Structures are given as structure tokens and as C-alpha cells.
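Student: How does the following fold in three dimensions:
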Amino acid sequence: MHAYLILTNNNEVDLINLIPNLYQPIHKHFFSKIKIDDVRTINSFLTTLGHESHVIYFDTFLDIAQNAFLKTLEEPSVGKQIILVTNSKAGIYDTVLSRLTVIEDQENSHINQNNFAE
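Tutor: Okay, here's the model as predicted:
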């Protein structure tokens with residue numbers, strides 16, 4: 001599994017140009033606030049067979065949900081990509097960030113990729 005965090009103010013992210021080898025199909029999920037039950041729902045998506053990408057748009061990621069999500073990142077599912085999309089990495093644990101490839105999409109013109117999982 002590959003996991004990404006895209007930082008953008010634009011809800012219409014050009015995923016194909018930002019992420020190399022994007023798995024198809026692409027499933028989009030929208031959350032105002034990611035809670036622990038939402039992480040469980042996300043995990044259920046990752047148990048299906050085949051290659052696919054799950055794009056998760058959110059505003060806030062609750063602390064307890066981030067702790068549960070860490071387990072998801074530490075035990076990757078084969079053939080799955082998780083793409084988190086939000087406007088700021090503020091409030092996201094460093095331990096979560098360290099397991100994501102962070103892509104800053106500023107005004108959709110300058111793209112700075114920073115892989116924290118080195």
C-alpha cells in the first residue's frame with residue numbers, strides 16, 4: 001500500500017498528475033471530521049481484492065482516529081493506495097506524517113513533493 005497526503009485548497013485535485021502509477025478504480029470519500037468509526041470504515045474498504053485507490057477528503061482528523069489509522073499505515077494492504085486530501089498538515093501527528101508521502105499543491109501551479117518515510 002502506498003499512502004499520500006495532498007495539501008491543497010482545491011477540492012478538484014488532479015490526482016493523475018500528482019501521483020505516479022495511480023491505481024484504478026479511484027474511490028472518493030468525504031469527511032468533515034475523521035473519527036474512529038470512519039477509520040474502521042476506511043479499513044473495511046482496504047480488505048477488498050484487487051488494485052484501487054481511496055481518496056479521503058477531510059478537514060479535521062481526531063487524535064484517537066489518528067492513532068487507529070497508524071495501525072492501517074503500519075500494516076499495509078496489497079494493491080491499495082490511500083490518498084488523504086486536506087488544506088493543512090497542522091494537527092496531523094508527526095508519526096502519521098512520517099508514513100505518508102506529502103505533496104503540497106499550492107494554487108495548482110508549484111508542486112513540492114516531500115517524502116517523510118525515508
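Student: mind showing which ranges of this protein have poor pLDDT?
Tutor: By pLDDT under 70, the weakly predicted segments of the chain are 1, 106-118.
Student: Quick test: name the residue nearest the centre of it.
Tutor: residue 84 (2.3 Å; Cα atoms, centre = their mean).
Student: In CSV, could you pull the C-alpha coordinates for the helix or strand that residue falls within?
Tutor: If you go by DSSP states H and E, residue 84 is part of strand 80-86. Taking C-alpha atoms only, strand 80-86 is exported to CSV below (Å, rounded to 0.1, in the frame of the first residue of the first chain):
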residue,chain,number,x,y,z
LYS,A,80,-4.3,-0.3,-2.3
GLN,A,81,-3.4,3.4,-2.3
ILE,A,82,-4.7,5.8,0.3
ILE,A,83,-4.7,9.5,-0.6
LEU,A,84,-5.6,11.9,2.2
VAL,A,85,-6.5,15.4,1.0
THR,A,86,-6.8,18.4,3.3
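Student: Parallel or antiparallel, list what pairs with it.
Tutor: strand 2-7 (parallel), strand 52-61 (parallel) (DSSP bridges).
Student: Only the buried residues of it, if you could.
Tutor: Going by neighbour count (16 or more other Cβ atoms under 10 Å), the buried part of strand 80-86 is 80, 81, 82, 83, 84, 85, 86. In this view, the C-beta of every residue, glycine as well, is placed from N, C-alpha and C.
Student: Need the winner for burial among the strands paired with strand 80-86.
Tutor: Scoring these by mean neighbour count under mean count of other Cβ atoms under 10 Å gives strand 2-7 as the most buried, with a mean of 20.
Student: Give me the distance from that one to the chain's centre.
Tutor: 4 Å (Cα atoms, centre = their mean, to the nearest Å).
Student: And for stretch 83-103?
Tutor: Counting by Cα atoms, centre = their mean, stretch 83-103 is centred 8 Å from the centre of its parent chain.
Student: ok, and what's touching that stretch?
Tutor: Stretch 83-103 is contacted by residues 2-9, 11, 13, 15, 18-19, 53-61, 63, 66, 69-70, 73-74, 111-117 when judged by Cβ atoms under 8 Å, 6 or more residues apart in numbering.
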